[in-house]
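J.: Have a look at this prediction, sequence included:
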Amino acid sequence: MTRTPSGEVALDIRDLRIDLATAEGPRPIVNGLDLRVGRGSIHGLAGESGSGKTITALAVLGLLPASMSVSGSIVLGAAAAGGEPIELVGSSAAVLGGVRGRRVAMVFQDPSTSLHPQLAVGRQLTDHVRHHLGLREAEARARAAALLTRVHVPDAETALGKYPHQFSGGQRQRIAIAVALACGPDVLLADEPTTALDVTVQAGVLQLLRELVDDMGLSVLLVTHDLGVMSSVADEVTVMRAGAVVESGPRSQLFTAPRHEYTKSLLAALPGSTFEEDPAELAAELVAGHEAPAVPTVLPDGNDAPQERDDV
Amino acid sequence: MTRTAGDTGTTAGPRRNMRRGPARVRGTGHPFARYVLRRVVTSLLLLVGVTLVTFVLTNLVPGDPVAASLGQRAAEDPAIVAQFRAEYGLDKPLVVQYVTYLGNLLHGNLGTSTTTHNAVSSDLAAAVPATLEIALGAIVLSVLIGVLFGTLAAYRRGKTTDHVLRVVSLAGLSVPTFWLALVLYYAFYFQLHIAPGSGRLSSDFNVPPTITGLYTVDALLAGQLDTFLDALSHLFLPVLVLTLYTVGLLTRFVRTAVLEILDQDYVRAARAKGLPTRTVVRAYVLRGASVPILTVVGLAFGSLLSGTVLVESVFSWPGIGSYAYQSASHLDLPGVMGVGLVIGATYLLVNLVVDILYGVIDPRVRLA
C-alpha cells in the first residue's frame, strides 16, 4: 500500500500566510505553511479544528472571504498534458476561473450542504463541464453518467434525474466527488470528505479516493482532523497547529517515529492508545488501519489556537 | 414513482380493500398531485370558514342596516321596517340567515347592494379586474426590482451600493401610501401634466371589449393600441405608489435571504467549480433564496391589497377598495360581505398558489 510518488510536484505551497482583518488589526490564521503534493499521491493535512486547514484549501482556489489576505506562493504544477506551472496567489479572476473546477477541484465536508438541494444531480454534474470544456448537453450527460458509474453510484442514468435528498449520505459524497472530477482536474482538494458520513461508509469513500489516485494519477490534498483516516490512505502527512506546520513526512515515518511532541500527543490522544508503551505497535495498528477513532478536539496541553469556523 | 398500497395488495380480499380504501386513495398517484390536492381541499375548507367569519362579523357591527337603508322617516314606521326585514330575511334567526346565505353563494348570488341596487356579484365582477390590474402590475414590478436590488445589496454588502439601496428601501417602507399618492398625483397631474387624470381610461376612449376585464390586456387583444397606451398611462401612478412600498419590503428581505444563501456550502462549491458569477447567482443563489422570497412575495401581495383601498380612493380607481369604502360607509351589508368574501378568497388563492409553487421550485417538497 505504500506508494512512491513520481517525484513531480502537483501543488507546491511555500511560506503561505493568511491574515484575517479584525478591528484590532490583522490576525494570522496561517503562518508560513510549506507543503508539496506529489503527482499521483495523497498528501494528508492534519490538525485540530481551527488550525487553518480548510482556509488553506480555499486559498488554493482563491475563494477566501474578502476579510482575509494571502501572501506567499501556491504553484499549480504543469498539467499532465504539458504547459507552464501557474502561480495562484494574486492571479487574476480570469486565470482562477480557468483553474477552478477544471485544474483544481474541491470536495467539501458535508455533501448534504455542498450539493444544491433544488438542482438535479445531472445538472450539477454537467454545468461546469459545459462551461469549461464547451460540451453539448447530451455529451456532458453521457460523461456524467460514466462518471457516476466510475464512483460506484448504481443506475447512473436514473441517478442523473434525481435530487440530492434522494440519495444516502455516502452516495451523495460519491456524487460530490464525481462533480469534482467531471472536468478531469489534476489536483483534488478534499476537505474532511468523510467526517459527515456514517462510520460504515467512510472506508468506502476513502477507498474510492485511493482508486482514483492510483488509476487516474490524481493528486489529492486530504484535509482532515482524523488520524485514523490519515493512516489508512495518505502517502505523506503534514501536521498543522495554530496555522503553522508542526511536522511533515511520509506516513510511515510520521506514525512510527513522530519527532514532535504535538504529533505524539495527537497519536497518544487516540482512545485506547498503547502508544506510550509501544509506539511501533500502535503505528502498525494504525497503518493496517481501519476505524481508528477521531482525535478529540480538546488537547492534553490545551491550546489557544485562533478559532475559525471550520465551514468558512 | 412511489410504490402504492395497491401494488402489493393483490392477495387482499374485497373487504380488506374496502377497509383500506382511504389509505389507498392517499397512496395513489404522483406525490406532487397528492400534495396539490391536499392544498386545494384545505383551501376550500378555509373558504367556508371565511364565509362564516364575514357573516358573523358583518352581523355584529353596531349599526342598523335598516336605519341606514330606509332613511329616517321610513325607519320610524314599524310596518315598513317589518316589511323590509321580511323582504331581506332579517327577521329569521342568524343560523337560518347563514344557511340561506351559503345556499345563495353556491348559486353565485351575493345579494343586492342597498347602495347601487345592483347584484353584488356584478358590482364585484366589475371592480375585481380593476384592482387586479394595479395589484398584478405592482407585484410583478416589485418582484423584478426588489429581487434585483436585494441581490445587488447583498453582493455589495457594506459598500456604497448597499447603503444607497438601504435608504431607498427604507424610504419606500416609511412613506405613507396615501400621502405619496396625493403628492405624486399633484406633481405629475396638476403641475407637470405628464400623468393623466383619475380613473382607468380618459373620457375620449371607449372601454375595450371585455375578455379579462384588465383594460390593458383587453385593448391589446382587440388590437386597440391607442386604448392600450391610454390605459397604461392611467395605471402608471397607482402602480408606482403601490410598487414603492413593496419594493422597499422585498429589497430588504431579498438582501437578507441572499446573504444567508451566500454562506451556504453549495454556493462555495459552485464557485469552486469555476462557474461564472452570473451562473452562480442565477442557478445557485437565487434558486436557493427562492423559497423564502416566494413566502414574502405572498405576504407582500396581501399588504398590497390593503394598500389599494387608499390608492384607489386617491385616484378614483373603480376597484375593490373603492367599493369596500363605499359599501362600508353606507352600511351596505351585502356589499360589505361580498368584499370580505372576495378579499378572503384572494388571500386563500394567493396562499394556495404560493404552496403549489413551493412544490414547483423545491423538489424536497414535491417528492417528499
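T.: Perfect, I can see it now.

J.: Could you list which residues are in contact with residue A:219?
T.: For residue A:219, the contact set (CB atoms under 8 Å, 6 or more residues apart in numbering or on different chains) comprises A:10-11, A:37-41, A:43, A:186-188, A:213. Placement of C-beta: from N, CA and C, glycine included.

J.: let's see 10 Å
T.: Applying CB atoms under 10 Å, 6 or more residues apart in numbering or on different chains to residue A:219 gives the contacts A:5-6, A:8-11, A:37-43, A:77, A:80, A:104, A:185-189, A:213.

J.: Point out where the stretch 1-150 of chain B drops to low pLDDT.
T.: By pLDDT under 70, the low-scoring segments of the stretch 1-150 of chain B are B:1-29, B:61-69.

J.: 80 instead, please
T.: Counting by pLDDT under 80, the ranges of the stretch 1-150 of chain B that qualify are B:1-29, B:58-77, B:81, B:84-91.

J.: go on, the stretch 151-300 of chain A?
T.: For the stretch 151-300 of chain A, applying pLDDT under 80 flags the ranges A:255-257, A:261, A:265-300.

J.: List buried residues within the contacts of residue A:219.
T.: If you count burial by 16 or more other CB atoms under 10 Å in any protein chain shown, the buried members of the contacts of residue A:219 come out as A:5, A:9-11, A:37-43, A:77, A:104, A:185-189, A:213.

J.: Filter those down to just the ones in strands.
T.: Assigned to strands by DSSP state E, the following of the buried ones among the contacts of residue A:219 qualify: A:9-11, A:37-38, A:42-43, A:104, A:187-189.

J.: got those residues as a markdown table, with distance to residue B:102 columns?
T.: As requested, these are arranged in a markdown table below (distance: CB to CB, whole Å):
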| residue | distance to residue B:102 |
| --- | --- |
| A:9 | 81 |
| A:10 | 76 |
| A:11 | 74 |
| A:37 | 75 |
| A:38 | 80 |
| A:42 | 73 |
| A:43 | 75 |
| A:104 | 68 |
| A:187 | 71 |
| A:188 | 67 |
| A:189 | 66 |
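
J.: did I read that right, residue A:26 in a helix?
T.: No: when classified by DSSP: H, G, I helix; E, B strand; the rest coil, residue A:26 is found to be strand rather than part of a helix.

J.: And the pLDDT for it?
T.: Looking at residue A:26, its pLDDT is 90.

J.: Quick one: neighbours of residue B:282, just the number.
T.: Residue B:282: 12 surrounding residues under other CB atoms under 10 Å in any protein chain shown.

J.: That one looks like it's in a strand, true?
T.: No: counting by three-state DSSP, residue B:282 falls outside a strand, being helix.

J.: Which residues are in contact with it?
T.: Here residue B:282 is in contact with B:151, B:276 (CB under 10 Å, 6+ apart).

J.: neighbours of the residue in the stretch 101-250 of chain A that chain B sits nearest to, just the number please.
T.: As assessed by CB to the nearest CB, chain B sits closest to residue A:101 within the stretch 101-250 of chain A, at 3.3 Å. Using other CB under 10 Å, residue A:101 has 27 neighbouring residues.

J.: Return the set of residues that bridge with the residue most central in space within chain A.
T.: Note on chain A: the residue nearest the mean C-alpha position is residue A:190, at 2.2 Å, using CA atoms, centre = their mean. Beta-bridge partners recorded for residue A:190 (DSSP bridges): residue A:107, residue A:222.

J.: so what's it up against?
T.: A:42, A:44-45, A:57, A:105-109, A:173, A:176-177, A:180, A:205-206, A:209, A:220-224, A:229, A:233.

J.: one more time with 7 Å, if that's ok
T.: Going by CB atoms under 7 Å, 6 or more residues apart in numbering or on different chains, residue A:190 touches A:107, A:209, A:220, A:222-223.

J.: Please identify which of these is nearest to residue A:139.
T.: residue A:107 (23.9 Å; CB to CB).

J.: tell me the contacts of the closest one?
T.: Residue A:107 touches A:176-177, A:180, A:188, A:190-191, A:193, counting by CB under 7 Å, 6+ apart.

J.: and if you look at residue A:220?
T.: A:42-43, A:188, A:190, A:209, A:213.

J.: Now the two most distant members of the residues you listed.
T.: A:43 and A:209 (11.9 Å).

J.: Check what pLDDT the residue lying closest to residue B:157 once chain neighbours are set aside gets.
T.: Residue nearest to residue B:157 in three dimensions, not counting chain neighbours: residue B:259, with 6.7 Å by CB to CB, 6 or more residues apart in numbering or on different chains. Note for residue B:259: predicted pLDDT of 95.

J.: Likewise for the one 5 residues further on?
T.: We have a pLDDT of 92 for residue B:264.

J.: That one and residue A:126: what is the separation?
T.: Remark: distance between residue B:264 and residue A:126 (CB to CB, to the nearest Å) = 21 Å.

J.: With neighbour numbers in mind, choose between these two.
T.: Remark: of residue B:264 and residue A:126, residue A:126 carries more neighbours, 25 against 19, as counted by other CB under 10 Å.

J.: mind checking the SS state of that one?
T.: At residue A:126, secondary structure determined by three-state DSSP is helix.

J.: Report all helices and strands that the longest helix belonging to chain A contacts.
T.: With secondary structure taken from DSSP state H, chain A has its longest helix at helix A:199-216. Contacts defined by 3 or more CB pairs under 7 Å, 6 or more residues apart in numbering or on different chains; DSSP states H and E place helix A:199-216 against helix A:169-181, helix A:227-233.

J.: The same query, at a cut-off of 10 Å, please.
T.: strand A:42-46, helix A:137-150, helix A:169-181, strand A:187-191, strand A:219-224, helix A:227-233 (3 or more CB pairs under 10 Å, 6 or more residues apart in numbering or on different chains; DSSP states H and E).

J.: Now render the ones you listed as CSV, adding distance to residue B:299.
T.: As requested, those are exported to CSV (distance: least, CB to CB, whole Å):
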stretch, distance to residue B:299
strand A:42-46, 47
helix A:137-150, 38
helix A:169-181, 34
strand A:187-191, 38
strand A:219-224, 43
helix A:227-233, 47
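
J.: check contacts around the nearest residue to residue A:208 once chain neighbours are set aside.
T.: Leaving aside its chain neighbours, residue A:208 sits nearest to residue A:151 (6.0 Å; criterion: CB to CB, 6+ apart). Residue A:151 sits next to A:171, A:173-181, A:205, A:208, A:211-212 when contact means CB under 10 Å, 6+ apart.

J.: if we go to 6 Å?
T.: Residue A:151 makes contacts with A:174, A:177-178, as judged by CB atoms under 6 Å, 6 or more residues apart in numbering or on different chains.

J.: Pick the one among the contacts of residue A:107 closest to residue A:53.
T.: For these, the nearest to residue A:53 is residue A:191 (7.6 Å; CB to CB).

J.: Pretty sure that closest one sits against residue A:56.
T.: No: here residue A:191 does not reach residue A:56: they are 9.6 Å apart, not a contact under CB atoms under 6 Å.

J.: The two: which has the busier surroundings?
T.: Using other CB under 10 Å as the criterion, residue A:191 and residue A:56 rank with residue A:56 on top: 28 against 25.

J.: How is that one classified with respect to secondary structure?
T.: helix.

J.: Residue B:314 - nearest residue in space that isn't next to it in sequence?
T.: Of all residues not flanking residue B:314 in the chain, residue B:181 sits nearest, at 4.0 Å (CB to CB, 6+ apart).

J.: Run a quick neighbour tally on the one you found.
T.: When counting by other CB under 10 Å, one arrives at 22 neighbours for residue B:181.

J.: check contacts around it.
T.: Applying CB under 6 Å, 6+ apart, we find residue B:181 in contact with B:241, B:311, B:314.

J.: can you tell me the residue of chain B closest to chain A?
T.: residue B:274 (3.3 Å).

J.: residues contacting that residue?
T.: Counting by CB under 6 Å, 6+ apart, residue B:274 touches A:97, A:100-102, A:128.
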